[in-house]
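Novice: any chance you could fold what I've pasted below:
(one chain, ligands or ions: 1)
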Amino acid sequence: MPSLVQIKSKRRLELDTSVKSSGIQLQPGMNICQTDLPIDWYQEDFKPYVEEYLALPDRTPETVLPWMDRYVVPALDHFGPKLMLLAHYYMGGEIVKLVERYGGRIADSYELALQADKRPEVEIFVESAVHFMAETIAILKHPHQQVYITNPKSGCTMEALAKEDMVLPLFDELHDRYGQDLMVICYMNTSGRLKALAGRTGGAVCTSSNAKAIMEWAVQQGKKIFFVPDQHLGRNSGRKVGIGDDETFLFGGGWEGANTRLSSLSAAERTRLDHSRLLLWGSFCGVHTVFSTWQVQHWQAQGYKVLVHPECTVDVVEAADGAGSTKYLWNALQQAKPGDKLAIGTEGHFVRNARDYGKQHGVTVVNLADVPGATMGCGCATMSRNDPPHLVAMLDLLRQGKAPALNRVEAGDAVDEVTGHRERLDEQSRADIAREARTALETMIRLTEAAGL
Ligand code: SF4
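Specialist: Residues are numbered from 1 along each chain as shown. Coordinates of the predicted model:
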C-alpha cells in the first residue's frame, strides 16, 4: 500500500492565487469605523446589534474585536469552510482589515466575481461591498450556493445613473437604427439586467483591469459599441484602441440619457452618431472625477509618481504616470521600493489603506487630491454603508437560521438605495437574466484569460 505521503503527492491540486492578502494590518489603538449611520437606517433585525455597537466605549480594536468575536467566531465555527466572507478594497471603516482577520478575502470586482466558480465548496458567500458586486457573484454561482450582502442599500452612484429604466429607451432607439451592428459593452458597475443586455447583443462585461482587451475584441467584431455606464472608462479605453474623440459620441447619463430621443438630435449630431464607433452612456463616478491635471503636476513636481484609476477624466489619466484598475494600483504599491513616493488618484479609503500599508514598508503615499486649495478626495460613501454591526448581524442571523430575506441576492434584483425596497423578478425572468448576463461575463473571463491579464 502506498504511504500517505505518496498518495498526497499524487493528488492534483490547483492553487488559486487570484486573491492575495492585502497586507493591510490592524494596529492597536486605531479607529475601526467612521461610518456610524443613524440607527433608523438599519434593518429592523439588525438594530439590536447596532445598539450594542453604539454603546461600546470606543472604536479601538481592543474594544470592537472582542464584541465582534462574540458573534462572528461562533458563526465561523458553525459553517466552517462552507462560508466565505468577501469585501472590496474600497470598503471604509477598516472593514477590509476585519474581513481578512476573520479569514475572508479582499479583492477587486473581477476577482470577487470569480469566487463562486473557484470555490465550489463554499455554500454561503457574505459580501461586504456594493450590490452589483454581490449580484455578479449570484449570476455566476452554482445552484447549491447562496449570496448575501451585509447591506442591500449599499449601491453605486455610477450605477444609479444607469438603471435599466434609463438605459433601455435609448438602447431601443439605437437598436432600431443600427440593428445587429450594435453591441453593448457593460462595465462591471451595472445591474445584472444591463449585463444581460450586453449578453443579448453578443457583447461582454468589462472591468477597469480588462477594459482595453474587451474593447479591442469588440472593435475586431466590427460592431458599433454602446459602452455603459462610465463615460470616462469608456473614453479612456476607446483611446487605447485607437478610437478618438471624433469617433466617440457622448449621451447624457441618468434621466437625461433616458429622455434623449434620436429624433431630437440635430442632423449634424445624427451624422456624427452614424460615424461614431463608440457611443458612451454619460454616467460617471463622483469619487473619481474630483481629480485635476494641476494636482497631477503638483505631485510630479515634488518627485511623486502619480497613479490613477481609469474612471478619472481622460486629461488626468493622460497626465498621470500610470493608470489602471484597483488591482493594478495595489500591485504597484506592493512592488514599490522603500523611499518611493506615490500620489494615488482613486477612492479615498483605498488610498488611506495604501498610506497605512506604505508606512509599514517605507513608501510614502498621498492622496492625489491632497493639494492646498483642492477639492478633497473622498471615499465611496455607499460602499462604506457596510460596517461592523452589519457584518456581525448578518453572520449571527445566518447562524441562527434567521437571515433576512432582503439580504439574499439573486440575479435581476433591483434595490432602491434610499428606501431599501427590493424588486425581485419572477423565476423565469431571473433565469433569463442570469443566463444572458452569464454569457456576457463568461465572454469577459475568456478574453481576460486569453490576454493573460
Ligand atoms: S467608487 Fe464610484 S464607481 Fe466605485 S462603487 Fe463607489 S460610487 Fe461606484
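
Novice: phi, psi of the residue in the stretch 201-350 of the chain positioned nearest to the ligand?
Specialist: Going by CB to the nearest ligand atom, the ligand is nearest to C285 of the stretch 201-350 of the chain, at 3.3 Å. Every residue, glycine included, has its C-beta placed from N, CA and C. The phi and psi values for C285, taken as degrees, to the nearest 10, are phi -100, psi 120.

Novice: can you pull the contacts of it?
Specialist: C156, T157, M158, N189, D230, H232, E311 (CB atoms under 8 Å, 6 or more residues apart in numbering).

Novice: may I ask which of the residues you listed has the most neighbours?
Specialist: D230 (32 neighbours; other CB atoms under 10 Å).

Novice: for S283, see how far away that residue is.
Specialist: To S283, D230 is 6 Å away according to CB to CB, to the nearest Å.

Novice: confirm R239 sits in a helix?
Specialist: Yes: counting by DSSP: H, G, I helix; E, B strand; the rest coil, R239 is located in a helix.

Novice: just checking, it touches V314?
Specialist: Yes: between R239 and V314 there is a contact under CB atoms under 8 Å: 6.8 Å.

Novice: what separation do you get for the spatially most central residue of the chain and M133?
Specialist: In the chain, the centroid-proximal residue (CA atoms, centre = their mean) is S109; its distance is 4.2 Å. According to CB to CB, S109 and M133 sit 5 Å apart.

Novice: got a list of what whichever residue of the stretch 101-250 of the chain sits closest to the ligand touches?
Specialist: Nearest residue of the stretch 101-250 of the chain to the ligand: C156, at 3.1 Å (CB to the nearest ligand atom). For C156, the contacting residues are V130, H131, F132, N189, C285, C380, T382, M383, by CB under 8 Å, 6+ apart.

Novice: report the contact partners of the last one.
Specialist: If I follow you right, that is M383. For M383, the contact set (CB under 8 Å, 6+ apart) comprises H88, Y90, M91, G92, A129, V130, S154, C156, H349.

Novice: same check on the fourth one?
Specialist: Going by CB under 8 Å, 6+ apart, N189 touches S109, F132, C156, M158, E159, P229, D230, C285.

Novice: longest single helix anywhere in this protein?
Specialist: Longest helix of the chain, by residue count under DSSP state H: helix 427-450.

Novice: for that one, the averaged confidence score.
Specialist: Across helix 427-450, the average pLDDT comes to 96.

Novice: one more: stretch 251-267?
Specialist: Here the average pLDDT along stretch 251-267 is 96.

Novice: neighbours around the closest residue to A437 other than its chain neighbours, how many?
Specialist: Excluding the flanking residues, the one nearest A437 by CB to CB, 6 or more residues apart in numbering is K195, at 3.7 Å. As a burial measure, K195 scores 32 neighbours (other CB under 10 Å).

Novice: so K195 touches I139, yeah?
Specialist: Yes: using CB under 8 Å, K195 is in contact with I139, at 7.1 Å.

Novice: need the residues touching each of those two.
Specialist: Listed contacts common to K195 and I139 are A437, L441; contacts here mean CB under 8 Å, 6+ apart.

Novice: got the residues of the stretch 51-200 of the chain near the ligand?
Specialist: Residues of the stretch 51-200 of the chain lying close to the ligand (CB under 6 Å from any ligand atom) are Y90, V130, C156, T157, M158, N189.

Novice: against H232, how distant is the last one?
Specialist: For N189, the distance to H232 (CB to CB) stands at 12 Å.

Novice: ok, the first one next?
Specialist: Remark: distance between Y90 and H232 (CB to CB) = 17 Å.

Novice: got it, and the fifth one?
Specialist: From M158 across to H232, the span is 10 Å (CB to CB).

Novice: next step: the contacts of C285 restricted to strands.
Specialist: Using DSSP state E, no member of the contacts of C285 sits in strands.

Novice: could you dump the residues you listed into CSV and include pLDDT?
Specialist: Formatted as CSV, the contacts of C285 follow (pLDDT from 0 to 100):
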residue, pLDDT
C156, 92
T157, 91
M158, 95
N189, 96
D230, 98
H232, 98
E311, 97
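
Novice: now, the most widely separated pair of those residues?
Specialist: Farthest apart among the contacts of C285 by CB to CB are C156 and H232. That separation is 14.4 Å.

Novice: name the residues contacting each of D230 and S283.
Specialist: Shared contacts of D230 and S283, defined by CB under 8 Å, 6+ apart, comprise M158.

Novice: which parts of the stretch 301-450 of the chain are helices?
Specialist: All helices of the stretch 301-450 of the chain, identified by DSSP state H, counting those that start in this stretch, fall at 314-319, 326-335, 348-360, 388-399, 427-450.

Novice: would you reformat these as a markdown table and include distance to T289?
Specialist: Converted to a markdown table, these look like this (distance: least, CB to CB, whole Å):
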| stretch | distance to T289 |
| --- | --- |
| helix 314-319 | 9 |
| helix 326-335 | 16 |
| helix 348-360 | 13 |
| helix 388-399 | 28 |
| helix 427-450 | 24 |
